[in-house]
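Enquirer: Generate coordinates for the sequence data below:
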Amino acid sequence: MKNLLTSIFVGTCLTASAQADFNNVLSAGVEDAETFTTDYMAPLSESVVYSMSTGWYNTADAKPLGGFEISIIGNITGFKNKEDKKTFILDPNDYQNLDFVDNPGVARQVSTALGDISGTEVFVEGEVLGVTVRETFELPSGLSGEDIDFVPSGYVQASVGLIKGTEVKARFLPKMEYEDASIGLFGLGIQHDFTKLLPADKILPVAISAVIGYTNISGDYDLANADLIDGENQRIEAEISSWAFGAVVSTKLPIINFYGGVNYITGKSVTDVLGTYRVTSGPFASETYEDPFSITKKVNGVTGTLGTKLKLGFFRLNAEYNLGEFNTATVGINFGFR
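Expert: Got it, this is the predicted structure:
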């Protein structure tokens, strides 16, 4: 559970996979460590952005003035069949000190943080006082290697109707702590129902809306008890944000309705590896790094949403599927009045 929480939410960091030895990675030098970590974590960052960008609507029919809905929303973003996201090409020519034990100098596929390739041996070699020093170690596998093929997320969301077909939204996940990791989420959104401007709105069987939503996840992971590498005040701080812009259409029936949308998603993740790190192996043994590197990943794409909503008085239930670079299934339990 700790590995999953750390990798997914505080995630986008090297400790995503417990198999990784930070001392080994830094033994290649800080530039090589940053290059490897950026490629290794990129698909995980991307999947989190897609996961957190869903759930902004369950109908195009905006609430009237004073109407409200409180929702508990859960998402699962799968990557079981995303083979292209589970590996990346590591070319030793892009590294200063790192190379493969087998067929050195030849590029090959290695695991990302979502992958399951294990046993890939690499070495770091350099001159120390005129003597060649070599350190051999295995690259980390990923979540699939731990039989985890999905990224979960969840939050509480509230919507309130204003005048002229406008509805405002807010989502929130209070800061959660699990051992040395913590995570929190907040977001704001707005929806406008264009059909509310038409004289025949009350008799039209469908509604058409535009939705904009912003979500921010921030987390940190204290490495003090991880015993990864000698040093002080070691921690990882991560922040992931996303914007979702959607065009939505839905039916307007008394009990069960259907909705669909086309969405443009853009997001960014920033992960800072902070603290003091003293390398104890390889040609860079005895090197000390302060706040060694920061990783930034930008994401954008288009998704399509298909969903249905069941309304039974004060209680509502919705389920949807979002198709995109990463597919996400979303379920919402809603309580509201309109």
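Enquirer: low-scoring pLDDT stretches of the stretch 101-250 of the chain, where are they?
Expert: 128-130, 226-228 (pLDDT under 70).
Enquirer: which residues of it fall in strands?
Expert: Ranges of strands within the stretch 101-250 of the chain are 108-111, 121-128, 131-138, 150-161, 166-178, 181-193, 206-222, 230-251, based on DSSP state E, counting those that start in this stretch.
Enquirer: Direction included, what does the fourth one pair up with?
Expert: Strand partners for strand 150-161, identified by DSSP bridges, are recorded as strand 68-78 (antiparallel), strand 166-178 (antiparallel).
Enquirer: among those, which is the most enclosed?
Expert: strand 68-78 (a mean of 18; mean count of other Cβ atoms under 10 Å). For every residue, glycine as well, the C-beta is placed using N, CA and C.
Enquirer: quick one on the thing from earlier: now tabulate the strands paired with strand 150-161 in a markdown table and tack on distance to residue 280.
Expert: Supplementary listing: these in a markdown table, determined by distance: least, Cβ to Cβ, whole Å:
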| stretch | distance to residue 280 |
| --- | --- |
| strand 68-78 | 38 |
| strand 166-178 | 29 |
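Enquirer: So which of the ones you listed is nearest residue 257?
Expert: Evaluated with Cβ to Cβ, these place strand 68-78 nearest to residue 257, the distance being 13.6 Å.
Enquirer: Please save the CA atoms from that closest one in PDB.
Expert: Extracted C-alpha coordinates of strand 68-78, given in PDB (Å, rounded to 0.1, in the frame of the first residue of the first chain):
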ATOM      1  CA  PHE A  68     -26.800  21.800  -5.500                       C
ATOM      2  CA  GLU A  69     -25.200  18.400  -5.700                       C
ATOM      3  CA  ILE A  70     -22.500  16.800  -3.500                       C
ATOM      4  CA  SER A  71     -20.600  13.900  -5.100                       C
ATOM      5  CA  ILE A  72     -18.100  11.300  -4.000                       C
ATOM      6  CA  ILE A  73     -16.100  10.400  -7.100                       C
ATOM      7  CA  GLY A  74     -13.700   7.600  -7.800                       C
ATOM      8  CA  ASN A  75     -11.600   7.000 -10.800                       C
ATOM      9  CA  ILE A  76      -9.500   4.100 -12.100                       C
ATOM     10  CA  THR A  77      -7.100   4.800 -15.000                       C
ATOM     11  CA  GLY A  78      -5.800   1.600 -16.500                       C
END
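Enquirer: what's downstream of that strand, the next helix or strand?
Expert: Reading on from strand 68-78 to the C-terminus, the next helix or strand found by DSSP states H and E is helix 83-86.
Enquirer: Quick check: buried residues in that following helix?
Expert: By 16 or more other Cβ atoms under 10 Å, the buried positions in helix 83-86 come out as 85, 86.
Enquirer: after that helix, next one along is what?
Expert: With DSSP H and E setting the assignment, the helix or strand that follows helix 83-86 is strand 87-90.
Enquirer: Which strands or helices does that next one pack on?
Expert: The criterion is 3 or more Cβ pairs under 8 Å, 6 or more residues apart in numbering; DSSP states H and E, and the helices and strands that strand 87-90 contacts are helix 30-52, strand 108-111.
Enquirer: Quick one: residues in contact with it.
Expert: For strand 87-90, the external contacting residues (Cβ atoms under 8 Å, 6 or more residues apart in numbering) are 36, 39-40, 42, 100, 107-112, 115, 117, 139.
Enquirer: Now with 7 Å, please.
Expert: Identification of contacts with strand 87-90 by Cβ atoms under 7 Å, 6 or more residues apart in numbering yields 39, 107, 108, 109, 110, 111, 112, 115, 117.
Enquirer: Can you list the strands that it pairs with?
Expert: Here, using DSSP bridges, strand 87-90 pairs with strand 108-111 (antiparallel).
Enquirer: how far is the partner strand from where the chain is centred?
Expert: Using Cα atoms, centre = their mean, to the nearest Å, the mean C-alpha position of strand 108-111 is found 22 Å from that of the whole chain.
Enquirer: next one: stretch 331-338
Expert: 25 Å.
Enquirer: Any buried residues in it, and which?
Expert: By neighbour count, with 16+ other Cβ under 10 Å as the criterion, the buried positions of stretch 331-338 are 331, 332, 334, 336.
Enquirer: The third one belongs to a strand?
Expert: Yes. With DSSP: H, G, I helix; E, B strand; the rest coil as the criterion, residue 334 is assigned to a strand.
Enquirer: number of nearby residues for the nearest residue to residue 334 once chain neighbours are set aside?
Expert: For residue 334, ignoring the flanking residues on the chain, the nearest one in space by Cβ to Cβ, 6 or more residues apart in numbering is residue 316 at 3.9 Å. Using other Cβ atoms under 10 Å as the criterion, residue 316 is surrounded by 19 other residues.
Enquirer: Over to the one 4 residues further on?
Expert: Residue crowding around residue 320 was assessed by other Cβ under 10 Å; the count is 23.
Enquirer: and if you look at the one 5 residues further on?
Expert: Close neighbours of residue 325, defined as other Cβ under 10 Å, add up to 18.
Enquirer: rewinding a little: buried subset of the contacts of strand 87-90?
Expert: When neighbours are counted using 16+ other Cβ under 10 Å, the contacts of strand 87-90 contain these buried positions: 39, 110, 111, 112, 115, 117.
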